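Chemist: below: sequence and its predicted model.
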Amino acid sequence: MLFERFKNEVEDILSRYPVKRSALLPLLNFAQREEGYVSESAMKEIAKILDLTPPQVFETVTFYTMFNLKPIGKFHLQVCKSLMCALVGSDDLVMWIQKKLSIAPGQTTADNIFTLSVVECLGSCGTGPMMQVNDDYYEQLSEEKVGRVLDDLKRDGTSSLKTGPFMYPQPLAK
Amino acid sequence: MTTYEKILLKNMEQPGYTGSLADYEGTGGYRALRTVLKEMQPDQVIEVVKKSGLRGRGGAGFPTGVKWGFIPKNHPGPKYLCCNADESEPGTFKDRQLMERDPHQMLEGMAITCFAIGAQTAYIYIRGEFRLGAKILEQALQEANAAGYLGKNVLGSGLTINIFVHLGAGAYICGEETALLESLEGKRGMPRFKPPFPATHGLYQNPTVVNNVETMANVPHIINRGGEWFASIGSPPKSCGTRVFCLSGHVKRPGNYEAPMGITFRELIYELGGGMRSDKPLKAFIPGGASAPFLTPDHLDVKMDFESVALAGSMLGSGGVTVMEEGTNMVWAALRLMEFFYHESCGKCTPCREGTSWLVQTLQRIWNKRGRPEDIGVLDELCGNIPGRTVCAFGDAAVSPIVSTLLHWREEYEALIQEALETMPRNKEIPVFSH
């Protein structure tokens, strides 16, 4: 049981709201961060904690695009395809990643390391093309830069090329 | 190049400024909150904000002080403030910078707003993807609570102000204020009917103010320097103050530029943004996020204030300007935005749910050179039947890319359809793409 291990965290989340149901998204986010996806058992557990029925939890989960209902790879590559990123080359980037990893959007590599998704606007339009990998943003990408990010992630589990705190354009040096 | 006094981005552009509490205090941070708690009554604060002419920076541009004034004073239960940090409008990326680089600025604005409307609890509804922003805000909240600016007995005033970060989970519609409240209540983020408005029936059916991040960040400066000072900047009387304009697309120096409202698109794109990134001339631009209809180079000298952009047939919206160079196919551009709206329609209203799907399919058909002569009529008819027939403004926004591109670049649609007619075998039914 996932949440039995995190009683303090659950209490902290519940204490923020006067109505229990408000803790639904925070608990789902928590479950996904711990397990990589929102499992059926996590949904049932959350329903119990919040005095909801499992279908009430399920109907909410399916509304939001960030919740994965199936396990995915260790790194979730989400490339923005909205107009602003497309204008500066996101389509080519997606093609390049597909070729490099031999997977189509929605698929996971055979070694379970990378899952590729093509998503709508991630709110980083001035620094496109960009992608989100798990919690981190990678911006102003080129094929060469993505190649380095993928190598870094595979080798070290993280990459120094991640961006933020966000400041763009950078102030000109005086 | 013209230079402007910056208000919101000023601190973060100082070398070495980290956005920590110490740094923020070093620039005079939390002075406004002290002034408000010591010297002012809630009504006086609302009056100053009304006088400043500050209008919401999220997109709709409703006068902020007026919105605060709608909160009933004698409500027996709790009142709430929700800071809308669900920045998801394509073309807009200002709030992310305000939160990640100077979080205390908006927190101070929120604390002052809580005092003005009599709220003890406030939530920052931040889009789920902005993990770093949420983490930075959590740290800033800890600092502010420890320093006595938030929490119980704020600065010895006896007031309680608690602010919490609430992460969304990927739904553009949650930026709509009533959908945000539904989502915050743990439900599907579907907009509510208005009236009743959140001012009387908001979060948990209690009086609630929903304000954008940039709106909140302006508040401390208005208190420090006065409503008249703010009202004298920009394009008074209806578009006061500065705006953080987001510039993206085929431009040399994309980014966030703070300037007084009323500068022209030409100044933003060619002076601040350095002009087009290649030798190709400008073909089109979106003046205020994906919801705003496209404009043409003929509109470059339009002033960037609420009224002038509306007169030009579009809207200033969230302040996100996206530039497209000559060679960009406008059917493709409209299709890209329609795919966004189709994906993000919450599904509550049939015209929007079904209409966006039809629009995407029709545009895909035309773009894939399988269009039919009647398709332009189909687009016209669909676009005329969605706006005004939905609970929220999403339906109106969704058709704007098509309506405006059909208005200015109709021949590009016709050319693609003509190509389809010439390349498709005669007397053969043209297949219709379906998802």
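Modeler: Everything's here; your move.
Chemist: grab the most central residue of chain A for me.
Modeler: A:N134 (4.4 Å; CA atoms, centre = their mean).
Chemist: how about low-confidence regions in chain A?
Modeler: Along chain A, segments meeting pLDDT under 70 span A:171-174.
Chemist: helices of that one, residue ranges please.
Modeler: For chain A, the helices defined by DSSP state H occupy A:7-14, A:24-35, A:40-50, A:54-61, A:83-87, A:90-101, A:143-156.
Chemist: what pairs with the least confident helix or strand in chain B by mean pLDDT, parallel or antiparallel?
Modeler: Across the helices and strands of chain B, mean pLDDT, DSSP states H and E gives its lowest value to strand B:234-235, namely a mean of 92. According to DSSP bridges, strand B:234-235 forms sheet pairs with strand B:239-240 (antiparallel).
Chemist: centre of the chain to the helix or strand that comes right after the partner strand, how far?
Modeler: Next along the chain after strand B:239-240, taking DSSP states H and E as the criterion, comes strand B:242-249. From the chain centre to the centre of strand B:242-249 is a distance of 11 Å (CA atoms, centre = their mean, to the nearest Å).
Chemist: average pLDDT across strand B:242-249?
Modeler: For strand B:242-249, mean pLDDT is 97.
Chemist: ok, which residues in the stretch 51-200 of chain B are in contact with chain A?
Modeler: B:78, B:87-93, B:95-97, B:100-101, B:121, B:127-132, B:136, B:164, B:166-172, B:183-189 (CB under 8 Å from any CB of the partner chain). C-beta here means a position set from N, CA and C on the backbone, and glycine is covered the same way.
Chemist: just the buried ones from the residues you listed?
Modeler: Buried members of those, counted by 16 or more other CB atoms under 10 Å in any protein chain shown: B:87-93, B:95-97, B:100-101, B:121, B:127-132, B:136, B:164, B:166-172, B:183-189.
Chemist: hmm, back to that, CSV please, covering the helices of chain A and showing distance to B:G319 and mean neighbour count.
Modeler: Formatted as CSV, those follow (distance: least, CB to CB, whole Å; neighbours: other CB atoms under 10 Å in any protein chain shown):
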stretch, distance to B:G319, mean neighbour count
helix A:7-14, 34, 14
helix A:24-35, 28, 21
helix A:40-50, 38, 18
helix A:54-61, 31, 18
helix A:83-87, 14, 28
helix A:90-101, 22, 17
helix A:143-156, 29, 15
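Chemist: B:A60: which of those helices is closest?
Modeler: For the helices of chain A, the distance to B:A60 is smallest for helix A:83-87, at 21.4 Å, taking CB to CB.
Chemist: and that closest one, what does it pack against?
Modeler: strand B:242-249, strand B:320-325, helix B:330-344 (3 or more CB pairs under 8 Å, 6 or more residues apart in numbering or on different chains; DSSP states H and E).
Chemist: reformat those as CSV; add distance to B:V48 and mean neighbour count.
Modeler: As requested, the helices and strands packed on helix A:83-87 are exported to CSV (distance: least, CB to CB, whole Å; neighbours: other CB under 10 Å):
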stretch, distance to B:V48, mean neighbour count
strand B:242-249, 17, 27
strand B:320-325, 29, 26
helix B:330-344, 37, 23
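Chemist: show the low-confidence segments of chain B, by residue range.
Modeler: For chain B, the ranges with pLDDT under 70 are B:1, B:425-435.
Chemist: which residues of it fall in strands?
Modeler: B:80-85, B:121-126, B:162-167, B:208-212, B:234-235, B:239-240, B:242-249, B:255-260, B:282-286, B:320-325 (DSSP state E).
Chemist: make CSV from these and add distance to A:G73 to it.
Modeler: Formatted as CSV, the strands of chain B follow (distance: least, CB to CB, whole Å):
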stretch, distance to A:G73
strand B:80-85, 29
strand B:121-126, 26
strand B:162-167, 22
strand B:208-212, 35
strand B:234-235, 48
strand B:239-240, 48
strand B:242-249, 30
strand B:255-260, 33
strand B:282-286, 35
strand B:320-325, 32
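Chemist: give me the number of residues near B:P293?
Modeler: 23 (other CB atoms under 10 Å in any protein chain shown).
Chemist: ok, and the closest non-adjacent residue to it?
Modeler: Using CB to CB, 6 or more residues apart in numbering or on different chains and skipping residues adjacent in sequence, the residue nearest B:P293 is B:S404, 3.5 Å away.
Chemist: so who does that neighbour touch?
Modeler: B:293-295, B:313-314 (CB atoms under 8 Å, 6 or more residues apart in numbering or on different chains).
Chemist: so A:V61 sits right up against A:L28, yeah?
Modeler: Yes: using CB atoms under 8 Å, A:V61 is in contact with A:L28, at 6.2 Å.
Chemist: overlap in contacts of those two?
Modeler: Joint contacts of A:V61 and A:L28 (CB under 8 Å, 6+ apart) are A:38, A:43, A:67.
Chemist: of these, which are in range of chain B?
Modeler: Answer for these near chain B (CB under 8 Å from any CB): A:F67.
Chemist: list just the nearest of the shared contacts of A:V61 and A:L28 to chain B.
Modeler: Distance to chain B, by CB to the nearest CB, is smallest for A:F67 among these, at 6.0 Å.
Chemist: using TSV, lay out the helices and strands packed on helix A:83-87 together with distance to chain A.
Modeler: As requested, these are exported to TSV (distance: least, CB to the nearest CB, whole Å):
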stretch	distance to chain A
strand B:242-249	4
strand B:320-325	5
helix B:330-344	4
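Chemist: now the ones you listed in JSON lines, with distance to B:R365?
Modeler: Converted to JSON lines, the helices and strands packed on helix A:83-87 look like this (distance: least, CB to CB, whole Å):
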{"stretch": "strand B:242-249", "distance to B:R365": "26"}
{"stretch": "strand B:320-325", "distance to B:R365": "22"}
{"stretch": "helix B:330-344", "distance to B:R365": "10"}
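Chemist: among the ones you listed, which is nearest B:E176?
Modeler: helix B:330-344 (10.6 Å).
Chemist: for that closest one, name the packing helices and strands.
Modeler: helix A:83-87, strand B:282-286, helix B:350-367, helix B:394-423.
Chemist: quick check: angle from that helix to helix A:90-101?
Modeler: Orientation check (axes from the mean of the first three to the mean of the last three CA atoms, to 10 degrees): helix B:330-344 against helix A:90-101 gives 70 degrees.
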